[in-house]
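Chemist: My questions are about this predicted structure, shown below with the sequence.
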Amino acid sequence: MGKFQSTKVFDGYSCVFRQWKAEGTHCRFLHGYGVSFKVTFEGDLDEKNWVWDFGGMKRAVGNIDGMNPKEWMDYMFDHTTIIANDDPKLDGFKTLDQLGIIQLRIIPATGAEQFAKFIYEKLNVFVKEETNGRVKIVKVKFMENAKNSAYYYEDDTLTPLLKEIE
């Protein structure tokens with residue numbers, strides 16, 4: 001039996017982050033990108049013959065961290081400074097946030113790979129709940145620019161799909 005998949009690209013986000021553990025590279029400094037991410041949905045078709053309603057983030061009944069999913073994505077990635085929760089300079093970033101200089105977002109880890117995982121984990125829980133288990137996220141591609149991207153997925157059967165030219 002075949003499977004249905006669809007993809008949606010979320011873009012237009014500008015954010016700044018640093019990878020404080022990247023000693024010896026310029027990535028340890030604050031740097032910013034216009035980021036985007038491509039989410040692959042998989043599941044049975046609904047009554048409209050869709051796997052996922054591409055406008056579903058705006059029209060969602062459920063939420064992510066108490067916010068509509070579209071609002072959550074804007075809150076997390078639109079003109080924000082994203083810092084790892086174990087960054088030794090975190091208190092300084094909190095001060096900048098309190099002064100209104102940055103919009104601080106604290107997550108478990110930073111970098112393209114970790115952003116892909118973070119987005120996957122947040123969206124997959126939401127999508128499964130929103131569709132009563134009919135749909136799941138199978139892959140997230142995080143792009144920090146046109147040249148750099150990272151994937152996160154949990155199912156080893158996807159490995160052949162990752163070889164596709166995108």
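Modeler: That came in fine, so what should we check first? Numbering: from 1, shown residues only.

Chemist: Report the distance from whichever helix in the chain runs longest to the chain centre.
Modeler: If you go by DSSP state H, the chain has its longest helix at helix 112-130. Put simply, helix 112-130 sits 6 Å off its chain's centre (C-alpha atoms, centre = their mean, to the nearest Å).

Chemist: what's near enough to touch the spatially most central residue of the chain?
Modeler: Centroid-nearest residue in the chain: residue 119, 2.9 Å away (criterion: C-alpha atoms, centre = their mean). Listed by C-beta atoms under 8 Å, 6 or more residues apart in numbering, the contact partners of residue 119 are 37, 39, 140, 142, 152. Heads up, the C-betas are built off the backbone N, CA and C, glycines and all.

Chemist: Out of the residues you listed, name the ones that lie in helices.
Modeler: Short answer: these have none in helices (DSSP H).

Chemist: separation between the residue nearest to the centre of the chain and residue 101?
Modeler: 26 Å (C-beta to C-beta, to the nearest Å).

Chemist: So the residue nearest to residue 59 when sequence neighbours are not counted: helix, strand or coil?
Modeler: Using C-beta to C-beta, 6 or more residues apart in numbering and skipping the chain neighbours, the partner closest in space to residue 59 is residue 53 (6.9 Å). Three-state assignment for residue 53 (DSSP: H, G, I helix; E, B strand; the rest coil): coil.

Chemist: Tell me the confidence at residue 53?
Modeler: At residue 53, the model reports a pLDDT of 89.

Chemist: so who does the residue nearest to residue 124 when sequence neighbours are not counted touch?
Modeler: In space, and not counting its chain neighbours, residue 124 is closest to residue 137: 4.1 Å by C-beta to C-beta, 6+ apart. By C-beta under 8 Å, 6+ apart, the residues touching residue 137 are 39, 40, 41, 42, 120, 123, 124, 127.
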